[in-house]
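S.K.: Structure, please.
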Amino acid sequence: MLPRTTFEFMELHGTVDGFRAALDGERCSGRTIGLVPTMGALHDGHLSLVRRAAKECDVVATTIFVNPLQFGPDEDLERYPRDLEGDRSAAEAAGSDYLFVPSEREMYPREPKAHVTVTTTEDGLEAASRPGHLDGVATVVTKLFALTGPCRAYFGEKDHEQLEVVRALVTDLSFPVEVVSCPTVRAPDGLALSSRNAYLTADERHAAPVLYRALEAGQACLESGERDPTVVSRVMSDLVGTEPSVRLVYAEARPGDVEWRLFVAAHVGVARLIDTLAVPVCAAPVDTVTAGR
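M.R.: Next up, the predicted model:
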């Protein structure tokens, strides 16, 4: 890694050709690229990715694009939070050297004829409740990887299914990209930071941390010795049910070889929020799961 490049001002790019050329030039100078893809409305979760990329790479490129392909027909594409000026200042302060903010026409000059589909290991969660969402994610990330070229790409763990999709893209399509998974950033009361938290009223914001409390309840259930995923899932869903203003979408416990993964999604007012928590197998050994109980 070369001594980190310091720009007097962060460069803003709105075209795919300009963005690609700028990063190609950096690599030709021997610099490594850190990529942080976002949909904007940057919060400290996003900025933690930028800061980590700045520590580990010579140059950081942050992208802001509200991707229509990953929104369903009745979802919040039009009202999704947007704050370009605030995002620009925040990204620069966190250490971003390039900010790519393309228009929809720039990213999709025509109706896309090529779409990317990835089969995830978490069937029944986001893939089931938001049909087409993960395909939209896969398609836009594929395009961003093609534009950026060899890089390290930083993603938060809260969007676990998205992370698995990105890892599959890199492995199966041989992208010259190293995927870096970063911990979920939370408010002091445990609520995972999300751009959609901006939708919450004061009362809804007070209720929303029930998602994290449900994950903690699932973790405690596992640590107490329970090994039936159905029981653990019910413990989480029951806890979410204690908040009348929160409408559960799913609460599920999934065992794995290295860790159990707990998932929860719910509507809090107009906001659809998700969260996840990993529980190491030392707390929940997979080989003691009671199959088919």
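
S.K.: Touching, residue 259 and residue 282? I think so.
M.R.: No. Taking contacts as C-beta atoms under 8 Å, residue 259 lies outside contact range of residue 282: 9.3 Å. Heads up, the C-betas are built off the backbone N, CA and C, glycines and all.

S.K.: Residue 45 in helix, strand or coil?
M.R.: Recorded secondary structure, residue 45: helix (DSSP: H, G, I helix; E, B strand; the rest coil).

S.K.: how about the strands in the stretch 151-293 of the chain?
M.R.: Assigned by DSSP state E, counting those that start in this stretch, the stretch 151-293 of the chain shows strands spanning 151-156, 177-182, 246-254, 259-268, 271-280.

S.K.: more neighbours, residue 259 and residue 282?
M.R.: residue 259 (17 against 8; other C-beta atoms under 10 Å).

S.K.: do you know how far that one is from residue 222?
M.R.: 10 Å (C-beta to C-beta, to the nearest Å).

S.K.: ditto for residue 258
M.R.: 14 Å.

S.K.: who's more crowded, these two?
M.R.: residue 222 (24 against 9).

S.K.: That one and residue 158: what is the separation?
M.R.: Residue 222 sits 20 Å away from residue 158, going by C-beta to C-beta.

S.K.: Please apply the same query to residue 276.
M.R.: 6 Å.

S.K.: Could you list the buried residues of the helix or strand bottoming out on mean pLDDT in the chain?
M.R.: Within the chain, confidence by mean pLDDT, DSSP states H and E is lowest for helix 126-129 among all helices and strands, at a mean of 82. Residues 126, 127 are the ones in helix 126-129 that count as buried (16 or more other C-beta atoms under 10 Å).

S.K.: next structured bit after it?
M.R.: helix 133-148 (DSSP states H and E).

S.K.: pLDDT averaged over that next one - what is it?
M.R.: Averaging pLDDT along helix 133-148 gives 96.

S.K.: Residue numbering should commence at 296 henceforth.
M.R.: From this message on, residue numbering opens at 296, which makes the last subject helix 428-443.

S.K.: What is that helix packed up against?
M.R.: helix 311-323, strand 328-333, helix 421-424, helix 455-468 (3 or more C-beta pairs under 8 Å, 6 or more residues apart in numbering; DSSP states H and E).

S.K.: does residue 398 really touch residue 308, like I thought?
M.R.: No. Between residue 398 and residue 308 no contact is recorded; they are 11.8 Å apart, counting by C-beta under 8 Å.
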